[in-house]
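Chemist: Using only what follows, build the 3D model:
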Amino acid sequence: MKRQNFFIKSIFGISLLLALIFACSPTPPTPTLAPPTLTPNPTMTPTIPPPPSTATPEPAPQFRIIGYITDWGVQVAPEQIAKLTHINYSFALPKPDGTIDFPANTWKLQQYVQMAHERGVQVLISVGGWGLDKQFEAFAASPELRAKFVKSLMQYVDENNLDGVDMDWEYPTGGASSENFLALMKELRAELDARKKLLTAAVAAYGENAEGIPDETFALVDFLNLMAYADAGAHHSTYALAKQSLDYWHARGLPQNKIVLGVPFYAQPGDAPYRKLIQADANAAQTDFFNYHGTLAAYNGLPTMRAKTKLALERASGIMFWTLNDDSTDATSLLNAIYETAQGKKSELPPLPFGAGFRFSTYGPPYDPGVKYWADFAKNMSERFDGAPPQIIWIVGNVSGTGTQLTFFGKSDDPTIHFSMKDRNEEALTLFDQMGAQVWLQVEPGNAPVDELIRIVLEKYAQHPSVIGVGVDVEWFKSTDKPEGERVSDADARLWRDTAREFNPTYRLFLKHWEKEKMPPTEREGIVFVDDSQGFESMDAMVNEFETWGKTFAPAQVGFQFGYPADQKWWGELQDAPKEIGEKIRARVPNLASLYWVDFSAFDVFKNN
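Modeler: Residues are numbered from 1 along each chain as shown. Model (predicted):
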């Protein structure tokens, strides 16, 4: 206590002395000057803390938003350009002899340069593009032709007041090809350094096409644009692909401040611009699949684009996209979603569009007719409700013993988690991907840890674009001998939902039971509540209960399983039971997300041919 009193008195005396000194000074001290050095009393143990620094902190690096703009594309508005940090103007086309065919519309480039520079945006000329590998290989193998190429390119940069060069050689193939690529990049770096300008490159997302980029390239470029799109499969640019691409380049040793994640503003197949999908149906903005003139188009809608931007904020230094010409200019704009997310604007997932389909288990139907039947049944169910996408509950974990039996091969140290000797899901999910279905992967947990089950299931299947989330049958939560289940707490629901979102931030959780009291008391965000009640006296009794369920959890979305054999005494008399019951439910439950006919009676409403 004496030491503390002495310390307080000492500070008071020093403070008084400093006040007198400052009062006598003709001008106040400059805030950025270091404080005067004080000689402490040698018997005094505590020290006087220095005043807080008033120096201006280093600004955080700017998150890059890089848009390719094509010489041939539709005109881009100034307000779009203002949301960018860089423009890659495409393309300058290399020729085998080292000469270059530059973009035809020089006036358009100069117009973009002026608009960009007025808004603090840098403009690079992008060189190459798909299908020009032979041209690159030819001139890059010759020092003389490389010099010719570099000289011509630098002249173009200077004449058009450009800020750098983006190289798009798709792709160096290792060996001499990679050595020539590296030699070209070194020569470009030397010339651009002399001009204080940027050098970047577009590279493959991962794998063989990326391996031709030597590690020595990393020190030469200002950043690399990862083309995490145009991948093989049902969807060319999934969230899983974005993560895989970032994992690959991080493992290669590319610094995070030189990683820019690429995303598409177009759909595959057919390269349909995003803006044209929106012109056909504005609701296409909220999903990643859209039936465009009879073709299932795969792309990135607003929720996925926001999720990828958040991923880039965490693991990269920016977002690149091909191309800004393909974007819409209204509230559905992908660029606007990127920009607002990068600025920290919060956004919630939009409601799921109403979907219709079925619930599948390995024990429901008398036999399994095969994946084509189930795909056709999903399509048949959705077509009963205009505009509804096929939506499916696909059970991948059945209660077994004290835990869960997963319907695929795997490994876990938890004794309550068991696996099958073969995969019963991959073929079906691949087909569901191709048809643009939406799939919930459901588990019956028993005493197995639900978060661990979710993690195992999504490690296996999250790469499928049809997957929209995971479901938990609460009837079997900490229950193994009869379907009652324990109540889910708010903490449980948050843990399960957030575990799923480690794999994709757009994933949701569904919780299923027939008793409202088994659901979490207040947690609602990102959760769909599914009622699977059965044994009703009539359709009106069913619809009344489902209406009450919907009101209980509103504004959260709800879903219903129906078509149980226990109700067949009355629904069996209907001409089209799924449609007639479904339309009555839709009319009474405004927060309805989905309807699922159960597999126990699937053959009664959709024959197996």
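Chemist: Now name the helix or strand holding the residue nearest to residue 532 when sequence neighbours are not counted.
Modeler: Computed as C-beta to C-beta, 6 or more residues apart in numbering, the closest residue to residue 532 that is not its neighbour in sequence is residue 561, at 4.0 Å. All C-beta atoms are positioned from the backbone trio N, CA, C, and that covers glycine. Counting by DSSP states H and E, the secondary-structure element that holds residue 561 is strand 558-562.
Chemist: Does anything pack onto that strand? Which helices or strands?
Modeler: Packing partners of strand 558-562 (3 or more C-beta pairs under 8 Å, 6 or more residues apart in numbering; DSSP states H and E): strand 527-531, helix 539-553, helix 577-588, strand 592-598.
Chemist: got those as JSON lines, with mean pLDDT, mean neighbour count and distance to residue 320 columns?
Modeler: Compiled in JSON lines, the helices and strands packed on strand 558-562 are given as follows (pLDDT from 0 to 100; neighbours: other C-beta atoms under 10 Å; distance: least, C-beta to C-beta, whole Å):
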{"stretch": "strand 527-531", "mean pLDDT": "98", "mean neighbour count": "25", "distance to residue 320": "34"}
{"stretch": "helix 539-553", "mean pLDDT": "98", "mean neighbour count": "17", "distance to residue 320": "40"}
{"stretch": "helix 577-588", "mean pLDDT": "98", "mean neighbour count": "17", "distance to residue 320": "42"}
{"stretch": "strand 592-598", "mean pLDDT": "98", "mean neighbour count": "25", "distance to residue 320": "34"}
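Chemist: Quick check: which of these is nearest to residue 437?
Modeler: For residue 437, the closest of those is strand 592-598, at 11.9 Å, according to C-beta to C-beta.
Chemist: Not counting that closest one itself, show me its contacts.
Modeler: 351-352, 354-359, 364, 381, 385, 391-393, 528, 530, 532, 550, 557-564, 578, 582, 585-586, 605 (C-beta atoms under 8 Å, 6 or more residues apart in numbering).
Chemist: how's this structure carved up into domains?
Modeler: What the record gives for the chain is the domain set 64-342, 355-605, from automatic domain parsing.
Chemist: one step back: identify the residues contacting the residue nearest to residue 532.
Modeler: Residue 561 makes contact with 359, 393, 512, 530, 531, 532, 596, 597, 598 under the criterion C-beta under 8 Å, 6+ apart.
Chemist: who's residue 391 bridged to?
Modeler: Assessed by DSSP bridges, residue 391 has beta-bridge partners residue 357, residue 438.
Chemist: Am I right that residue 492 is in contact with residue 449?
Modeler: No - shown here, residue 492 and residue 449 do not form a contact pair, counting by C-beta atoms under 8 Å, at 10.7 Å.
Chemist: Let me know how buried residue 439 is, in neighbour terms.
Modeler: 26 (other C-beta atoms under 10 Å).
Chemist: Can you verify my assumption that it contacts residue 471?
Modeler: No - between residue 439 and residue 471 no contact is recorded; they are 10.0 Å apart, counting by C-beta under 8 Å.
Chemist: quick revisit: drop anything exposed from the contacts of strand 592-598.
Modeler: For the contacts of strand 592-598, a neighbour count by 16 or more other C-beta atoms under 10 Å gives the buried set as 352, 354-359, 381, 385, 391-393, 528, 530, 532, 550, 557-564, 578, 582, 585, 605.
Chemist: which SS class is residue 310?
Modeler: For residue 310, the assignment made with DSSP: H, G, I helix; E, B strand; the rest coil gives helix.
Chemist: pLDDT score assigned to it?
Modeler: According to the per-residue confidence, residue 310 scores 97 in pLDDT.
Chemist: low pLDDT regions in the stretch 101-250 of the chain?
Modeler: Flagging of the stretch 101-250 of the chain using pLDDT under 70 yields an empty set of residue ranges.
Chemist: Could you pull out the strands in it for me?
Modeler: Assigned strands in the stretch 101-250 of the chain, in chain order: 122-129, 164-169, 198-204, 223-227 (criterion: DSSP state E, counting those that start in this stretch).
Chemist: Near residue 500, how many residues? Count them for me, please.
Modeler: Around residue 500 sit 27 other residues, with neighbours defined as other C-beta under 10 Å.
Chemist: which strands and helices sit next to the helix or strand containing it?
Modeler: With the criterion set as DSSP H and E, the secondary-structure element containing residue 500 is helix 490-501. Counting contacts by 3+ C-beta pairs under 8 Å, 6+ apart, helix 490-501 is packed against helix 450-461, strand 467-473, strand 508-512.
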